[in-house]
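Engineer: pasting a predicted model and its sequence here:
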Amino acid sequence: MKGLTKRLSCIAMAAIMIGSLAACKKSDKAPSGLTEATNNVMEALIGRSGKKLKKTGDFSEGSLMTIDLMSDCDAVSAVMDKATFEMDADSIKETKKGTSVKVVVTLPDAGAALEDAEDEDEFIDAIKDQKEKSYTKINLTLKFEVDEDKYTLTNGDDVVSDLFGGDLGEVNAAFGKIKGLPDPTDEPPTPSDDFDPTPTPRPTDPPKASSDVYDVIVYQDDKTVIHFNKVDSDGVHFTVDNLAAYEVTVQCDSLAIDGISILDYIMSDKVAAGTSAEVVTKCEFAEVPQKIGTVSGQLNIVDFDDYSNTYPALFDTTVIDSSVAPAPAPTGTLLYSDDYLQVYFKELTGDGAVFEMVNPTAQDVEPRITALAINGRNITDPTWYDCELAPHSMGNLVTIQDDSIDPSEAVGTISAQFEVNNDVSQYNTYYATVNTTVIDANVTVTPPALEGTVIYEDSNVKITCVGLSPEGPILGVENLTDVGIIVQAESLSINMIGIYDVYLSYYTAPHSVSRFLAEGEVDASQQVGMIGGAFIIANPAERKGNYMVHLDNVVVDASVTVAAPTATGTLLHEDKNVKIYFKEVREKGIVFDVENLTQYSLTIQDRGVLLNGVEPGIATLSDSCAPHSVTEVMLSCSPDTSTPATTISVNFAIFSWDDSIKHYEVELTDKAIG
């Protein structure tokens, strides 16, 4: 489904939002422009937004078509919804020709899920059930051209191929074809004995519903003239006069008919040099209007051979037929209004919460929801459709929630936060915050109670330990502020045993209570005596206020006896902060036990490894260990498991993100492990 994108999570979110605590490797080494450019590329790739991707650099029409195909495949969406990425700032290479950086994408093992899946539904279920420890990693190298601190991606086709050309390509080939069309590799059916050679008459197609035909210029410059023609069952038709001496591809950024934005569309049509051609924004109308009153939007004129010739063709409201009545006024309860956006709450449906978004400007505005609370209860992870609003138009943004939302629930109050992309605004991207707003004063709202034992509290947030599940600890979070904040677990331990690769990174709406699962394998049968770890508390609208808190084994239940854990394996390194033990070699990497001797959450990363004197493929390690705990971590790589491991050479970087433990490196050469 076009535009259905889940926000990037965990490290990706931290890299974008946390600022000085950004979860990119050693962010102090990465120029801010490079970090922003890398995040923009990766967000567009994982979200499979060709529209955003083409703004980051040079991509062929084939690569953009690949992105479009991937965005329409539900099976690929199931994988990419769980994808995260991490930029390695230590891999940055700067030359006269440009700058490159390595990025590691962590995502479900689509190949493994595909092997056992009989159909698309089984594949999606397998992806949902897959544990993070079974995820795979894809290593990308992004190359940028730099001009006055502006970074432009130059190897876009290679990046698209590396990310989508392997298992994801197989998934798309299996499930991404248009339903109802035959597979060209299928053998033709064999005629049976009762085969009737008389051809069956082809049914007559019903006439297409179509508006009146017009020829109204909506945009023109010295290179391009765009005429609006009509609306029919296929979509919105334009004629484009290409006055340039090169072929262009016309794509749609936004479009509104009679003040209502079209939010689900596809368009990529070529127009040869010096010619005119019809182009169509393909979309569906519940009912095709006979007459068209106004048109607004933005079409992009793309030259894939010379990206410098690419530019937006923006047209504000153009009158097509003045006899058509204007769009109706927005409905619902006004939640937020500024110079660039108005937000109205309309209703709860089986699909989720419905908001009507109004763009009062002469430019595109793209809002998305980041946090939502209904009657004081934070929605765990609202996802969203792209909502690109054309100039002076409105459209519905529908958030999709899990089963915690009952569409029959009476809505008394709402709080929320929206991220708004707007070229008019001097901020370009900003946050629209909705503090607790009364929707229906007749509804009695009883704020939900925060469950569990309080393990951390300050003026902004309260965090509790609720209990354990086989998927990980369950935590309660109360946002005590008037803004949306992110709560992210940097590390966690239960009874001094660290949780490998724990995941918890969620937005919380103002003055709301949440119940979150911190994903990570634990023994759910144990009683929780102590919990340790670190949390990043982040306000994406004001990065300077972001901070990290360290929990050094907070007592949850004093009646539970907690014995200090014992690390296993060959001791490789010991200092005042950490002990590192080699444990074993597995098919997907090299496993270590890390004993954190400090009161702070420590991050351990690799700077290169040799196993038996040989590089075990591309290696990646970036894991955090809770205070005073033992955590099993894995350096992901492709080791040779057919030969016993006897020696290891490895360089580690050790630090905490907030510099409680200053960064230092440990170099180990030819350590015996056999």
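Structural biologist: All right, it came through fine.

Engineer: when you work out contacts or count neighbours from here on, use the C-alpha atoms and nothing else.
Structural biologist: Will do.

Engineer: and Gly180, what pLDDT?
Structural biologist: Gly180 is assigned 31 on the pLDDT scale.

Engineer: what does Pro191 give?
Structural biologist: If you check Pro191, the pLDDT there is 46.

Engineer: begin at 756 from here
Structural biologist: From this message on, residue numbering opens at 756, which makes the last subject Pro946.

Engineer: would you check that Val1079 makes contact with Gln1045?
Structural biologist: No. Using Cα atoms under 8 Å, Val1079 makes no contact with Gln1045, being 10.0 Å away.

Engineer: low-confidence ranges in the stretch 1056-1205 of the chain?
Structural biologist: Within the stretch 1056-1205 of the chain, the stretches with pLDDT under 70 are 1138-1141, 1156-1159, 1178-1182.

Engineer: ok, and the closest non-adjacent residue to Thr1117?
Structural biologist: To be clear, residue 1117 is Ala; Thr isn't right here. Pro1146 (4.7 Å; Cα to Cα, 6 or more residues apart in numbering).

Engineer: where does the one you found fall, phi/psi-wise?
Structural biologist: When read as degrees, to the nearest 10, the backbone of Pro1146 gives phi -50, psi 140.

Engineer: tell me how far it lies from Ala867.
Structural biologist: 45 Å (Cα to Cα, to the nearest Å).

Engineer: re the thing from before, distance of the residue nearest to Ala1117 relative to Lys807?
Structural biologist: For Pro1146, the distance to Lys807 (Cα to Cα) stands at 18 Å.

Engineer: neighbour count winner among those two?
Structural biologist: With neighbours defined as other Cα atoms under 10 Å, Pro1146 and Lys807 compare such that Pro1146 has more, 28 against 16.

Engineer: was I right to think that one contacts Thr1073?
Structural biologist: No. Using Cα under 8 Å as the test, Pro1146 is too far from Thr1073 to be in contact (10.3 Å).

Engineer: so what sits against both of the two?
Structural biologist: Ser1051 (Cα atoms under 8 Å, 6 or more residues apart in numbering).

Engineer: how's this structure carved up into domains?
Structural biologist: Recorded structural domains for the chain (assignment: automatic domain parsing) are 759-930, 971-1074, 1088-1193, 1208-1310, 1325-1427.

Engineer: among these, which is nearest Thr1201?
Structural biologist: Nearest to Thr1201 among those is domain 1088-1193; the distance by Cα to Cα comes to 7.5 Å.

Engineer: now do the same end-to-end measure for the closest one.
Structural biologist: Span of domain 1088-1193 from end to end, Cα to Cα: 9 Å.

Engineer: cool, and stretch 1134-1143?
Structural biologist: This stretch, stretch 1134-1143, spans 23 Å end to end (Cα to Cα).

Engineer: and if you look at stretch 1210-1217?
Structural biologist: Span of stretch 1210-1217 from end to end, Cα to Cα: 8 Å.

Engineer: follow-up on the earlier one: where's the residue nearest to Ala1117 relative to Tyr1302, distance?
Structural biologist: 38 Å.

Engineer: for Thr1036, list each beta-bridge partner.
Structural biologist: Here Thr1036 sits in beta bridges with Val991, as judged by DSSP bridges.

Engineer: what number of residues lie near it?
Structural biologist: Residues lying near Thr1036 (other Cα under 10 Å) number 24.

Engineer: who touches it in this structure?
Structural biologist: Contact analysis of Thr1036 by Cα under 8 Å, 6+ apart lists 990-992, 1007, 1020-1022.

Engineer: same check, this time on Pro1225
Structural biologist: When contacts are counted by Cα under 8 Å, 6+ apart, Pro1225 touches 1276-1279.

Engineer: go with 6 Å
Structural biologist: Ala1279 (Cα atoms under 6 Å, 6 or more residues apart in numbering).

Engineer: got it, and the one 5 residues further on?
Structural biologist: The contact partners of Leu1230, taken as Cα under 6 Å, 6+ apart, are 1219-1221, 1270-1271.

Engineer: find the helix or strand that Ala1068 is a member of.
Structural biologist: Secondary structure from DSSP states H and E places Ala1068 in strand 1066-1074.

Engineer: can you tell me the strand partners of that strand and which way each runs?
Structural biologist: strand 1049-1057 (antiparallel).

Engineer: what residues sit buried inside the strand it pairs with?
Structural biologist: The neighbour-count check on strand 1049-1057 (16 or more other Cα atoms under 10 Å) flags 1049-1057 as buried.

Engineer: swap in stretch 1190-1209?
Structural biologist: Neighbour counts over stretch 1190-1209 (16+ other Cα under 10 Å) mark 1190-1194, 1200, 1205-1209 as buried.

Engineer: what about those residues, which are in strands?
Structural biologist: Counting by DSSP state E, these place 1190-1193, 1208-1209 in strands.

Engineer: turn these into a markdown table, including distance to Gln1172.
Structural biologist: Shown next, in a markdown table, are those (distance: Cα to Cα, whole Å):
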| residue | distance to Gln1172 |
| --- | --- |
| Asn1190 | 8 |
| Thr1191 | 11 |
| Thr1192 | 12 |
| Val1193 | 15 |
| Thr1208 | 28 |
| Val1209 | 26 |
